[in-house]
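Colleague: Mind folding the following:
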Amino acid sequence: MADPILTLENAGLRTGTGWLFRGLDLTLDARDALALIGRNGAGKTTLMKLIAGELDLDEGRRAVSPALSIIRLEQEPAMTGFTTLGDFARAGTDAPEDHKLDAIASRLGVNLDMEAATASGGERRRAGLVRALASEPGLLLLDEPTNHLDINAIEWLESWVERYRGAFVTISHDRTFLTRLTRNCLWLDRGALRRAEVGFGGFDAWSDRVAAEEAKTASRLDARLRQEEHWLLRGVTARRSRNEGRLAKLIELRAVRQAMTTGDAVSKLATTADDTKTKVLIDAAHVTKTFGTRTIINDLSLRVRHKDRIGIIGPNGAGKSTLIKLLLGQLEPDSGQIKRAKVLNPTIIDQRRQRLDAEDGTPKTVRDVLADGGEWIEVNGVRKHVAGYLKDFLFDPGVLDAPVDGFSGGERSRLLLAREFATPSNLLVLDEPTNDLDMETLDLLEEVLDDYAGTVLLVSHDRAFLDRVVTMVVSLDGEGNSETVVGGWSDWAEARKAKAAELKALGREARKPASKNPNTAVTAKRSPAKLSYNDARALAELPKTIETLTAAIARHEVTLADPALYTRDPKRFATINAELEKVRADLAAAEERWLELAEKEAALG
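Modeller: Numbers count the residues shown, from 1 in each chain. Next up is the predicted model:
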């Protein structure tokens, strides 16, 4: 068996309030694919920094293979001293080649020429991801890599990690990402680190068994662990039964929504026209919105009904926020109509967390945020004490008077959710709510949305969350086109595949030569319209191009499958990998162009 690439032995680290963890052991091997799981505040990012050698242990030992290179993707990369994002991406002891940086940046939607000082947090994070991937280290540490990526970029990142030959450890709230990529789990819980040789897909079953064993010995737990029992019960052991109940309810809601879109819906719903379940909050008809020469929304029609849970998806910059503003009346359409119910009362939760900001230089406390400094809060018409309400959102009541500026990003997100869910509304708008949340808080958010009596509009790139929450998906492609599918993200993905297959079939049918059998009846007269010479030539040549590119990908993948190539000839490995990325991009472009031309030819007859 090969020697480990990194070990931590009896590791301990102090914080201002005591030991964050102590007696921690960890062994990493060259092909490990690890999910690092734990609630916010457990020390996941700190453990990543220890693995990377960015922090010194207070006790214990860290041992690293001499040849091992380690790159850690930070949540907030420091850009001080760099003029552009490209300067940052190129920095380091093993500066990546420009063509490799450009190829990865194009897939992640990063403009490397952008000035670092004016880049947003999301743009900086994507530049950090470009740097990390292009460096191709022996150990890759990814801290929330899917934040600020759209679904296309996330899927490309998954395919990259699948081909990656080194070891990686990732912290992520994206269940689909973790399930697809990881083969091992690390669970950091109350200062202890457990390892299971199962991917994230098996984490729930494994953690349930661990929790059950702890529950059997609950009487022997010390005072600190007894205080944590709320976390154990709410965060682990009851997860599966709650999820099953929510799933059954979601399926029922999707069935109701499907009935509203089918031909017999009118007769089915006619007898209950006054029922609140069928009332329309927002009715958008043939809406178009253009900025300059670019059409963001084109001829979109959408009815938002009571109790709908609508997920809005699409690439970054596709117009998701624009659609929300149109629906809420914050923007006016260039054409079309949007009618809104008189009773519409929206609450908007975005990523800026402005409600948590200090006022007049004085930091807000938890009590200030939730109850304006008081003792009581009204939630859905029920008066609750603030300390009790805090428990519902997985906070220790002891933090009631703590300043929120010391909270982690995940804790601040959870506190904002607690505040906004207590605000009376019948429409809840959430913009990327899953960023910075741990798994337990995601479960909590799903519960709260399930209990919410109103309608939900949700902008998200989290595929598993969409599957578990929404009744309908509205997708935008960035070119003005939109598509509505009843169900979750998986239903939309299946519909997309079916549409692509249909277009291919139409293209093949359109290219079939006319029958030369003299006994065959003459077909209908063709339309005089036809493809241009260049388009027709491209349509004829693209299948051969696609075949050539596919063969090239297969050759490169066979070469890279040699496990000894990286150690034997790292420069050749890097060159072939870069070539593979370029060929894959060329293939994707060729297939997209072929589909476009095939659809055009079929439409012309």
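
Colleague: Show me the beta-bridge partners of Leu24.
Modeller: Beta-bridge partners for Leu24, by DSSP bridges, are Ala11.

Colleague: so how many other residues sit close to it?
Modeller: Counted with other CB atoms under 10 Å, the neighbours of Leu24 add up to 21. In this view, the C-beta of every residue, glycine as well, is placed from N, C-alpha and C.

Colleague: wait, what's in contact with it?
Modeller: By CB atoms under 8 Å, 6 or more residues apart in numbering, the contact list for Leu24 reads 8, 10-12, 47, 60, 191-193.

Colleague: By mean pLDDT, flag the weakest helix or strand of the protein.
Modeller: Least confident helix or strand of the chain, by mean pLDDT, DSSP states H and E, is helix 265-270 with a mean of 30.

Colleague: ok, Tyr452 - contacts?
Modeller: Contacts for Tyr452 (CB under 8 Å, 6+ apart) come out as 421, 428.

Colleague: any idea how far Val379 is from it?
Modeller: Distance, Tyr452 to Val379, by CB to CB, to the nearest Å: 11 Å.

Colleague: Give me the common contacts of these two.
Modeller: Shared contacts of Tyr452 and Val379 (CB under 8 Å, 6+ apart): Phe421.

Colleague: so where is the stretch 501-605 of the chain shaky, pLDDT-wise?
Modeller: Low-confidence segments of the stretch 501-605 of the chain, defined by pLDDT under 70: 506-529, 554, 557-558, 560-567, 595, 599, 602-605.

Colleague: Tell me the one among the contacts of Leu24 nearest to Asp143.
Modeller: Nearest to Asp143 among the contacts of Leu24 is Leu47, at 10.4 Å by CB to CB.

Colleague: give me the number of residues near the closest one?
Modeller: Neighbourhood size, Leu47 [other CB under 10 Å]: 26.

Colleague: mind checking which helix or strand it is in?
Modeller: Counting by DSSP states H and E, the element that carries Leu47 is helix 44-52.

Colleague: what sits up against that helix?
Modeller: Contacts of helix 44-52 (CB under 8 Å, 6+ apart): 6, 8, 11, 13, 20-21, 24, 26, 28, 36-38, 55, 57, 62, 70, 72, 75, 139, 141, 143, 169, 171, 188, 193.

Colleague: If you rank the contacts of Leu24 by neighbours, which is first?
Modeller: In terms of neighbour count, Leu47 stands highest of those at 26 neighbours, by other CB under 10 Å.

Colleague: Is there a quick PyMOL command that grabs whichever of the contacts of helix 44-52 are buried?
Modeller: Filtering these down to the buried ones (16 or more other CB atoms under 10 Å) takes a single PyMOL command:
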select buried, resi 6+8+11+13+20+21+24+26+28+36+37+38+57+62+70+72+75+139+141+143+169+171+188+193
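
Colleague: Tell me which entries of the contacts of helix 44-52 lie within strands.
Modeller: With DSSP state E as the criterion, strands contain 6, 8, 11, 13, 20-21, 24, 26, 28, 36-37, 62, 70, 72, 139, 141, 143, 169, 171, 188, 193 from among those.

Colleague: what's the spacing between Phe573 and Arg163?
Modeller: 11 Å.

Colleague: which one of those two has more residues nearby?
Modeller: Neighbours per residue (other CB under 10 Å) separate Phe573 from Arg163, with Phe573 holding more: 19 against 14.

Colleague: can you tell me which residues contact the spatially closest residue to Lys364 that is not a sequence neighbour?
Modeller: Excluding its sequence neighbours, the residue lying closest to Lys364 (CB to CB, 6 or more residues apart in numbering) is Val404, at 5.4 Å. Each residue near Val404 by CB under 8 Å, 6+ apart is listed here: 356, 363-366, 369, 412, 415.

Colleague: which among these gets closest to Leu444?
Modeller: Distances from Leu444 to the contacts of Val404, taken by CB to CB, are shortest for Leu415, at 12.2 Å.

Colleague: Test my guess that the closest one contacts Phe407.
Modeller: Yes: under the criterion of CB atoms under 8 Å, Leu415 makes contact with Phe407 at 6.7 Å.

Colleague: picking that back up, closest one of the contacts of Val404 to Ala105?
Modeller: Closest approach to Ala105 among the contacts of Val404 (CB to CB): Arg412, at 29.8 Å.

Colleague: Doesn't that closest one belong to a strand?
Modeller: No: applying DSSP: H, G, I helix; E, B strand; the rest coil, one finds Arg412 to be helix, outside a strand.

Colleague: Could you measure from it over to His286?
Modeller: Arg412 is 40 Å from His286, by CB to CB.

Colleague: Those two: who's more crowded?
Modeller: Arg412 (19 against 12).

Colleague: Quickly note the distance from the more buried one to Arg125.
Modeller: Distance, Arg412 to Arg125, using CB to CB: 17 Å.

Colleague: and Pro315, backbone torsions?
Modeller: Pro315 has phi and psi values of phi -60, psi 160 when expressed as degrees, to the nearest 10.

Colleague: And the helices in the stretch 451-600 of the chain?
Modeller: All helices of the stretch 451-600 of the chain, identified by DSSP state H, counting those that start in this stretch, fall at 463-469, 489-511, 533-560, 565-568, 570-604.
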